[in-house]
Every structure is written in structure tokens, then in C-alpha cells.
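Student: Sequence unavailable; structure follows:
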């Protein structure tokens, strides 16, 4: 049985009481017949940072790809009160910033500036607003001096930061990251964890990095076989060795 995420005992300010994400009874089957998501329901409040964990094949990445309409299953998804329907895709995709595991899937322009400016430009924003957003996004990821650098010449850690900046420039309501620490050396990993901790945005992160989960996330959602198996306090769930073992996880 899933562990239900408890209602916070403290009184939250109004902006934190709002739901940034509501998923209800989401089910998805791939064309080959593989049932990847089974009746998934999840609610996330503004300013929450949630870790999504589970073994390979649990459905984590499939779930993330539903949040801005890349994949479409049955059930419902609402982002900041806006239903995820085809006519809402352009707005939803500016509200949900999806960062892929491999930054090379996200960085395709000659320079860092052009990569980070791509989203705002396609929103039809005026040049000065685009430049302002690029500068702010690069500042948020602590890469202010990299605007004219060649994206493909950057290190993996630098590319991951720029990939995050490409979605921050859209000023999303929800930042979604797939395995953000994968492929990083210890120094770059620690630097990225500190960056994610400081970003003032709602965040849903799929990861196998249980140390990252322990250090950064108060709430943890465990997925396995396309279902949510547990949802609750990271501190509490981390103490349940049997639960972790049953779903291919290890306490850090």
C-alpha cells in the first residue's frame, strides 16, 4: 500500500498551498503493449521539491514525459490549474521545464547564449526581454560569463547547468529533471546539488542518486512497475530498509 503524503502541520503561505501539479489516475501503454504507468496519482504544491525514485523500468521517465505532453496517456494532468490538453500545450510547455538526462539532447545551438535564448525567442518576446531572461537564467546557474562560449566545448557539469538555464529562461512553474547527477565527477555533482538546493522553483527530480535524495529532498516518491508504491517523508521512508530493498533501492 502507498504511504500517503501527509498534510503539512504548519500553516503554509497562500502561494505554497496552491498545487503546481495534479496527476489523477494516469495510465499509459506503449505501442508494443508494454504497460508503463498504472493508475498514477500525485499532487505537488508550489515550492515543493520532490524526489522520484525506483529501479530501471519503474516508469519514472515515462511519467516525466507526460508532464508537458511529449507522451499522452489516459487520466488527467493539471499544471497550476491548467489542464494538460493539446490546445494548452504551448503554455504548459513554458510552465513545465523539462531537463533531460543527457544535456547534448538539449543543447543544439552554436553558443550558450543562443541555447538559453531559444525558448524565449520562440515565445515571441522582444529582444530586450530575451536578453534579460538569458542573463537572469545564467546568473541562477552561476554561469554568467559563459554566454559566448561554444556549448559543445563545455564539460559535462557545465553542460548540465546550461541545460537547466535553457528552461529557467522560460520562467517555469515546475522544473523537472531526469537523473541530473548522472555522469558527473564528485566535485561537479556537489556543485550541482548546491545549485538545485538554492533554486527557488518547484522541482520534481527522477534519480538513482539516493545521497542526493537524502541531502536535498524532504519528500520522496517511490515508483515500481508503473505504480507509485510509497509517497512520504524522505527521512521516514529512508529508515524502511525492507521497503527500499523491495523496490531496488539502497539507503545511502
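Tutor: Here it is on my side, so go on. The structure presented is a predicted model; accordingly, all values stated were derived computationally and were not measured.
Student: Once you drop chain neighbours, what's closest to residue 108?
Tutor: Leaving aside its sequence neighbours, residue 108 sits nearest to residue 115 (Cβ to Cβ, 6 or more residues apart in numbering; 7.2 Å). Every C-beta, even on glycine, is put in place using the N, C-alpha and C of the backbone.
Student: For that neighbour, give me the pLDDT.
Tutor: pLDDT for residue 115: 96.
Student: can you give me the strands for the stretch 151-252 of the chain?
Tutor: Counting by DSSP state E, counting those that start in this stretch, the stretch 151-252 of the chain has strands at residues 174-178, 202-206, 219-224, 227-233.
Student: Which residues are in contact with residue 23?
Tutor: 40, 41, 42, 43, 63, 66, 75, 76, 77 (Cβ atoms under 8 Å, 6 or more residues apart in numbering).
Student: Looking at those residues, which is nearest residue 184?
Tutor: Residue 184 lies nearest to residue 63 out of the contacts of residue 23, by Cβ to Cβ, at 23.2 Å.
Student: Distance check, residue 247 against residue 220.
Tutor: As defined by Cβ to Cβ, to the nearest Å, residue 247 lies at a distance of 11 Å from residue 220.
Student: I should have written residue 239 there, sorry.
Tutor: Distance from residue 239 to residue 220, by Cβ to Cβ: 12 Å.
Student: Residue 227 now?
Tutor: 15 Å.
Student: quick one, phi psi at residue 63?
Tutor: phi -60, psi -50 (degrees, to the nearest 10).
Student: shift numbering so it begins at 800
Tutor: New numbering, starting at 800: the last item is residue 862.
Student: the helices in the stretch 800-949 of the chain, which residues?
Tutor: 813-816, 859-865, 888-894, 911-921, 926-939 (DSSP state H, counting those that start in this stretch).
Student: Count the residues that sit near residue 835.
Tutor: Per other Cβ atoms under 10 Å, the neighbour tally for residue 835 reads 22.
Student: next one: residue 985
Tutor: 8.
Student: Model confidence score at it, please.
Tutor: On the pLDDT scale, residue 985 gets 93.
Student: residue contacts, it?
Tutor: For residue 985, the contact set (Cβ under 8 Å, 6+ apart) is empty.
Student: distance of it from residue 991?
Tutor: 11 Å.
Student: Please apply the same query to residue 872.
Tutor: Counting by Cβ to Cβ, the gap from residue 872 to residue 991 is 31 Å.
Student: if we can go back for a sec, and residue 1026 and residue 1019? which has more neighbours close in?
Tutor: residue 1019 (24 against 15).
Student: Could you pull up the residues touching the nearest residue to that one once chain neighbours are set aside?
Tutor: With Cβ to Cβ, 6+ apart as the criterion, residue 1019 has its nearest non-adjacent residue at 4.2 Å, and that residue is residue 1033. Going by Cβ under 8 Å, 6+ apart, residue 1033 touches 850, 1012, 1013, 1016, 1017, 1018, 1019.
Student: With adjacent residues omitted, what lies nearest to the second one?
Tutor: Going back to what we said before, that points to residue 1012. Counting by Cβ to Cβ, 6+ apart, the residue nearest residue 1012 is residue 850, at 4.2 Å.
Student: Show me what the one you found is bridged to.
Tutor: Counting by DSSP bridges, residue 850 forms beta bridges with residue 1004, residue 1019.
Student: Now do the end-to-end distance for stretch 1014-1034.
Tutor: One end of stretch 1014-1034 to the other measures 10 Å (Cα to Cα, to the nearest Å).
Student: Kindly apply the preceding question to stretch 844-860 instead.
Tutor: Termini of stretch 844-860 sit 21 Å apart (Cα to Cα).
Student: now that stretch: how far from the chain's centre is it?
Tutor: On the basis of Cα atoms, centre = their mean, to the nearest Å, stretch 844-860 sits 8 Å off its chain's mean C-alpha point.
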